[in-house]
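J.: build me a model:
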Amino acid sequence: CRQMLREHVKSVKRHIDELAAKSYDTVVSDAIGYVLMFMPVENSYIAAMKQQPDLSQYAYTKHIILISPSNLMMALQLAYNLWQYDRQGKNVENIIKTASDLYDKVVLFTESFEDIGQKLADAANAFTQAKNRLYQGNGNILRRVESLRKLGVTPKKQIKGLSQSPDSE
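T.: Numbers count the residues shown, from 1 in each chain. Have a look, this model is predicted:
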């Protein structure tokens, strides 16, 4: 019986070595870097561990984790949780990138908005200046044009509101 247990451990170690040689732990980038080796018969797993207590450590140094039926569900749940955390981490990265891009767009919009505001203010100032040149002061354009009418120019139309203006002579 002892000889059979030694052969069993030897077989398990050989399988560990074969899995390690195939480098399955490097096939997927960003993976945890370990391969799960499932031993489907619980008693076979327990017997191997009793015969060689450091068997799990031996496997672990080769990036192999021994799994039995009693810890299979826990290992699968752990793998699922790790994938979920990884997915959530990537979602957080995407949210941060989207928020950063949105912030940059808001900055550009506020710069454009301020630029438009300045241009509207400049246009309003230019309009006020042009209006003043047209209507106000002794040398305003309307007064000069009206003086031409007084000198005998007979236009077909009259400038509205000019004849009632106190500036008109």
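
J.: every contact and neighbour count from this point should use C-alpha atoms.
T.: Will do.

J.: tell me where the chain has strands.
T.: Ranges of strands within the chain are 35-38, 64-67, based on DSSP state E.

J.: hey, which of these is tucked in deepest?
T.: Highest mean neighbour count among those (mean count of other Cα atoms under 10 Å): strand 64-67, with a mean of 20.

J.: which strands and helices sit next to that one?
T.: When contacts are defined as 3 or more Cα pairs under 8 Å, 6 or more residues apart in numbering; DSSP states H and E, strand 64-67 packs onto helix 2-21, strand 35-38, helix 55-61.

J.: neighbouring contacts of it?
T.: Applying Cα atoms under 8 Å, 6 or more residues apart in numbering, the contact partners of strand 64-67 are 16, 19, 20, 34, 35, 36, 37, 38, 39, 56, 59, 75.

J.: and that strand, how far out from the chain's middle?
T.: Centre-to-centre, strand 64-67 and its host chain are 37 Å apart (Cα atoms, centre = their mean, to the nearest Å).

J.: likewise for stretch 71-80?
T.: 31 Å.

J.: use 46 as the first number for this chain going forward.
T.: Shifting the count to begin at 46 puts that one at stretch 116-125.

J.: distance of the spatially most central residue of the chain relative to residue 57?
T.: By Cα atoms, centre = their mean, the chain has its centre lying nearest to residue 142, at 2.2 Å. For residue 142, the distance to residue 57 equals 47 Å [Cα to Cα, to the nearest Å].

J.: okay, now residue 70: neighbour count?
T.: Look at residue 70: counted by other Cα atoms under 10 Å, it has 19 neighbours.
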